[in-house]
Structures are given as structure tokens and as C-alpha cells.
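Asks: Return atomic coordinates for the entry below.
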Amino acid sequence: MSRLMKDLCRLYQVQQIRTSIFHPQTDGLCERLNKTIKSMLRRVVSRDGKNWDMLLPHLMFALREVPQASTGFSPFELLYGRPCRGILDLAKETWETQPCPFRSTIEHVTLMRDRLSAVWPIVKEHMEKAQRTQGRAYDKSATPREFTVGEKVMVLVPTAEHRLLAQWRGPYEVMKRVSPVNYLIKQPDRRKKVQLYHINLLKTYHGREEEVALMALEGKGKEEALPQVRRGQTLLPEQSRQLDKLIMNFGRIFSPFPGQTDVLFHHIHTEPGKKVHIRPYRIPEARRVIAKKEVREMLRMGVIEPSTSEWSSPIVLVPKSDGSMRLWNDFRGVNAISTFDAYPMPRVDELLERLGKAKFITTLDLTKGYWQVPVAPEDRPKTAFATPEGLFQYVRMPFGLHGAAATFQRLMDAILRPHQEYAAAYIDDVVIHSEDWDSHLLRLRAVLVSLEATGLTANPNKCCLGLSEAEYLGYTMGNGKIRPQAEKTRAIRDWPRPRTKRDVRAFLGITGFYRRFIPGYANHCQPPHKPHQEKPAKPGRVERRDGRGLSIAKRWPVF
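Replies: All right, here's what the predicted structure looks like:
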């Protein structure tokens, strides 16, 4: 719609209603008018039908001077506040030879205003009466229908060969119910992946029943497959059976798909009056397919939704450790104008002290933890991001917002508060510890009950139950001992010689993480810190010697 039409509608207080595609019944008055005009043209047009465009202005004038059935007045009279002087009116005035009354501008405006003030209540009454009559007539043959989110439907759309012919396409998935009669449909095989349709263009999809050949086999099988969750290798057979029963009872929690909690929402508090709109980064053609696939997967899981926001942040594709690519959002612009959430994060050293004496340890890794927390509806437009598929916004909490970690830690602390004596969480990594098996089983059940009540899920491929030694936050702990992970010490031992200032920073960072296991760590680090500050061109002999000393010092130290 042009800006002129928007201003005109605003001045005349006209409310424009957008209709769904392929559903002319929504604009019934316009369609009925077109039918009337066609009927009139058929009666006055010539045999060859070539003069219809010359007759159209006269027919439109005739329509405007005739009273409309719903309002009881002609459109001309409602617009100008006086009766229309048609051909018959001019003939009548000529026959009666009545003089044309003269009125000043003020008299004309006053008369028109008074007439319109008297006419509008009558028009409103006629319109309401006509609407009730038309509604009763329509409801006689109408049947109420509705679809649920996720249901499969068929859509009636025009064919590609001929726009006037339609066919049923699908099945497609219902994404959202926009109104009682309009639904947002996901159609991945069409040019527009998400489209709004009226319910009259939809029908329920009934899949064909598959024929299966049965084969009788001897022996018993499990009625339901257990989630593939790693268990402790040192567990007794009876302990393993107890653990299997517990996993079966809470099978819904162990899922590769993220759940959704209703405990809290993530809010994004930004500076008033400021918005972020950053031009999208260029994505190579070879990676556009990956970006589209990631967007469609997030749409399928309900993590994002189409957006009309004025905000926009770019996306980048980051390689994973297995060589695949991950879609990441660059929210640095949003973070720059967002208020900081000062919720405290747990100290790793305090968690380690609690876990050091445990004999049984269970670790739970929540499935895409951030995506299980909903974003507040009023803040969702702030998470909008541009992709080759269009503009989308997050329904669940995205990665990359500096307040996301605090929100998730606040959620986990609230869930585990009744279990704080034996369970803790560092963001989405949950650990449960005990000194005997019976209490560990009861504690694990209590934590799973809390997770199930809040709608969270855990990734079965990353969960470990009933371990005597577990890897948690970069450490291996259990049986009263805490030590660095073997792969971390191997990485430090095989660390290449630092050649740049950045290399020195990286080496000091990974060794500093395990400084508690290295006696005299500050003395070992003193020589490398010196070139780190003075920007040397090349590490000297002393620096190389002390760098090797840090690596040699990490030979399975035990705390």
C-alpha cells in the first residue's frame, strides 16, 4: 500500500483488513460488485463486445446513484451528503421548469453536515440488520472446523499450468493458528515456505495405511526400546537393572529434541529508542544450502518463526569439531545496547570440592539447553536475523546473547534448589553425586522428577549415569580424586612452540586453567609473561625451557 493511501485511510478513519490468498469470499462486497458489473455489461455491450470499456463509466455512475441494499442509501449520497442528479432527475427538472435553488458555501456545508449526521445512524442500523440476515443465511450451511498445530493438511492452490484451475497439494504441516479461520502453513516444496491460508482452502490429510508383513519369531523382545544412555562399567547386574527401570520410567526426558519450560522467560532489556539493523554478511553459494537446512530444522523444532521485525542481526556459519557447520548469530549489536544481567555463575573450584569424595556420579547434558527457554513475546523482534530464506526471529532463547547464560543459570538454580545438597549445574551441565548406590538412585530419581515437571529434556548421547569416575567441566573426578582430563594434558604436552603473542596467550590460558595441579605455577609462568608483555619477535631459550616445564609438570597430577 502506498503512503498516500495509508494517510488517506488514516484521515478518514478507514480500517483496512488484509485477506488471505486464494480466498475472494473474504472481500465479499468487492466480489459481489464485480458480479453486478459483469451482469450489467452483458445487457448493454455490443455483439462483438469491443465497446465494454466505453460503457463502463456510465454503468458505474448508474451504480453510484442507486440505493445499496445493505445501507439503504446510494454511495453518492453517503459521500457527498445530497442526492445524485441522474438523467431522470435532469429530465424531471426540465419538465417541471423549477428554478435551481442557490445556496452559499456555508449553507451548503451546513446542510451536508446535518444530512450526513442524520443519515449515518440509519445506515448503521441497516448494515447491522443486513449483516445479521447474511450471517444467518451463511450459518445454515456452514460447519465449524479447526486444526491443531502440527496437524497434516491438504491445501487448495492454483495449478502451475493455469491460474484458474486449482488442485489439492500436500500434505503440509500447520505451524500456527493466526485467527479462528486463518492458519500459517509450512510448505517446504513451494517458493514461499510459510504461507497464510483460510480454513476453506484446507482439509484434513488422511494418510494411507501401510501394509506390513508380520513374521513370527521365537523369543521375547522388549516392549519399548530404552534410550541409549551411557552407564557405569563397574555397576553390578542388579544396579544396572534398577538403572534401566529408572530410565524407562523417565524416557521422555532423554530425548535428542529440546523441550520447553514454562518456569521463566528470557527478557532482553535494551536502551529506549535504539534499534539494531545490521546488513547481512555474505554467505558463499556453497554454504547457502547449509544455512537453509539449519533454518528449516529450527522452524521444524519451533525454535524460530517468520518475522516482520525492524531489527536484524547477521548470521555466520561456524565449523564444528566433526567438520560440519553450525549456524551462529552475531548479536554483538544487540548486546552493545542491552543491560547486563549480574546473576552470579557458580565457581568451578567450589563444584569440584563437592564432587571430590563421591563414589557414584551422574552427569546430565540438557539437549540444546538455551533452546528450551522461551523468549518473552515482546522481546522476540529484537532477536530477528536475516537468512537466505528471509527474516526470522527466535521463539526460544538463542545462543550469543550475553544475558542468556545468566537466565539459564537462574532457571537451573531454581529447579535444583531442593536438591542442592547433592546436585548442581553449571549452565546446562547437571551433576548428581553420592557416596552409596541406594541414595544415588533416590537422588537421581528426585532430580529427574524436577526436570520432567519443568518440561526440560536431556541428550541421551551425552548423559552418563552411575559412573565411578566422570568427566565434568574439563576434569576427571571420582573415588575421592580430581585430575585433569587425559586429552587436555595430551594437548598441553603436544603444544607447538609459541611464535606469536597470540600463541603465548593461548598457551598460558590452557595451562592456567589447571594451575592448581602445577606446584610453583607462577614461577614457571614468569619468563613467558615477560615476552607476552614486551612483544618479542621470537621466544628465547629460557622461554622455551619453561614452556616445556609447564608441559612436563602435568603428568596426571591429583588433587
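Asks: Show the model's pLDDT score for Val334.
Replies: Per-residue confidence (pLDDT) for Val334: 93.
Asks: Test my guess that it contacts Ile268.
Replies: Yes - the pair Val334 / Ile268 is scored as a contact, 7.0 Å apart, by C-beta atoms under 8 Å. For the C-beta atoms, the positions are set from N, CA and C on the backbone; glycine is no exception.
Asks: Just give me the longest helix of the protein.
Replies: helix 105-139 (DSSP state H).
Asks: Could I get the average pLDDT for it?
Replies: Computed over helix 105-139, the mean pLDDT rounds to 80.
Asks: That helix packs against which elements?
Replies: Packing partners of helix 105-139 (3 or more C-beta pairs under 8 Å, 6 or more residues apart in numbering; DSSP states H and E): helix 75-80.
Asks: Can you give me the buried ones in the helix it packs on?
Replies: When burial is assessed from 16 or more other C-beta atoms under 10 Å, helix 75-80 yields the following buried residues: 76-78.
Asks: Lowest-confidence entry in those residues?
Replies: Ranking the buried residues of helix 75-80 by pLDDT, Leu78 lands last with 76.
Asks: Could you look up the SS state of Thr308?
Replies: Following DSSP: H, G, I helix; E, B strand; the rest coil, Thr308 is assigned to coil.
Asks: per-residue confidence at it?
Replies: The model reports Thr308 with a pLDDT of 91.
Asks: From here on, call the first residue 737.
Replies: Okay, using 737 as the starting number, the last item reads as Thr1044.
Asks: what helix or strand is the residue nearest to it when sequence neighbours are not counted on?
Replies: Among residues not flanking Thr1044 along the chain, Leu1127 sits closest, at 7.3 Å (C-beta to C-beta, 6 or more residues apart in numbering). Assessed by DSSP states H and E, Leu1127 sits inside strand 1126-1130.
Asks: Go ahead and name everything in contact with that strand.
Replies: Residues from elsewhere that reach strand 1126-1130, judged by C-beta atoms under 8 Å, 6 or more residues apart in numbering: 929, 1031, 1034-1035, 1039-1045, 1048, 1111, 1116-1117, 1119-1121.
Asks: which regions of the stretch 887-1036 of the chain lie under the pLDDT threshold?
Replies: 896-900, 944-962 (pLDDT under 70).
Asks: Helices of that one, residue ranges please.
Replies: 973-985, 1021-1036 (DSSP state H, counting those that start in this stretch).
Asks: could those helices go into JSON lines alongside mean neighbour count and distance to Thr884?
Replies: Formatted as JSON lines, the helices of the stretch 887-1036 of the chain follow (neighbours: other C-beta atoms under 10 Å; distance: least, C-beta to C-beta, whole Å):
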{"stretch": "helix 973-985", "mean neighbour count": "14", "distance to Thr884": "28"}
{"stretch": "helix 1021-1036", "mean neighbour count": "15", "distance to Thr884": "16"}
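Asks: Mind checking the ones you listed for the one nearest to Pro994?
Replies: helix 1021-1036 (10.3 Å; C-beta to C-beta).
Asks: Quick one: residues in contact with the closest one.
Replies: 911, 922, 924, 929-930, 1019, 1040-1041, 1051, 1053, 1061-1063, 1123-1125, 1128.
Asks: same thing but at 6 Å, please
Replies: Residues from elsewhere that reach helix 1021-1036 (C-beta atoms under 6 Å, 6 or more residues apart in numbering): 1019, 1040, 1053, 1061, 1063, 1123-1125.
Asks: Quick one, which of the residues you listed are buried?
Replies: Neighbour counting by 16+ other C-beta under 10 Å classes 1019, 1040, 1053, 1063, 1123, 1125 among the contacts of helix 1021-1036 as buried.
Asks: for the first one, what are its contacts?
Replies: Read it as Ile1019. Shown in contact with Ile1019 (C-beta under 6 Å, 6+ apart): Ala1027.
Asks: and it, how far is that from Ser1048?
Replies: 15 Å (C-beta to C-beta, to the nearest Å).
Asks: before we move on, back to that, distance to Val1240 added to the helices of the stretch 887-1036 of the chain, as a markdown table?
Replies: Converted to a markdown table, those look like this (distance: least, C-beta to C-beta, whole Å):
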| stretch | distance to Val1240 |
| --- | --- |
| helix 973-985 | 47 |
| helix 1021-1036 | 33 |
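Asks: Could you break this protein into its assigned domains?
Replies: Following automatic domain parsing, one gets these domains for the chain: 758-875, 888-940, 1021-1218, 1221-1289.
Asks: can you give me how far the third one is from the chain middle?
Replies: Computed by C-alpha atoms, centre = their mean, to the nearest Å, the separation of domain 1021-1218 from the middle of its chain amounts to 17 Å.
Asks: Of the contacts of helix 1021-1036, which belong to strands?
Replies: Of the contacts of helix 1021-1036, the ones assigned to strands by DSSP state E are 1040, 1053, 1061, 1063, 1123.
Asks: of all these, which comes closest to Gln870?
Replies: Distance to Gln870, by C-beta to C-beta, is smallest for Ile1040 among the ones in strands among the contacts of helix 1021-1036, at 40.6 Å.
Asks: Identify the residues contacting the closest one.
Replies: For Ile1040, the contacting residues are 1034, 1128, 1130, by C-beta under 6 Å, 6+ apart.
Asks: swap in Ile1004?
Replies: Shown in contact with Ile1004 (C-beta under 6 Å, 6+ apart): 1074, 1115, 1118.
Asks: wouldn't Leu1152 be in contact with Tyr1158 here?
Replies: No - using C-beta atoms under 6 Å as the test, Leu1152 is too far from Tyr1158 to be in contact (9.5 Å).
Asks: Can you give me the neighbour number for Lys922?
Replies: For Lys922, the neighbour count with other C-beta atoms under 10 Å is 18.
Asks: try Leu792
Replies: Using other C-beta under 10 Å, Leu792 has 14 neighbouring residues.
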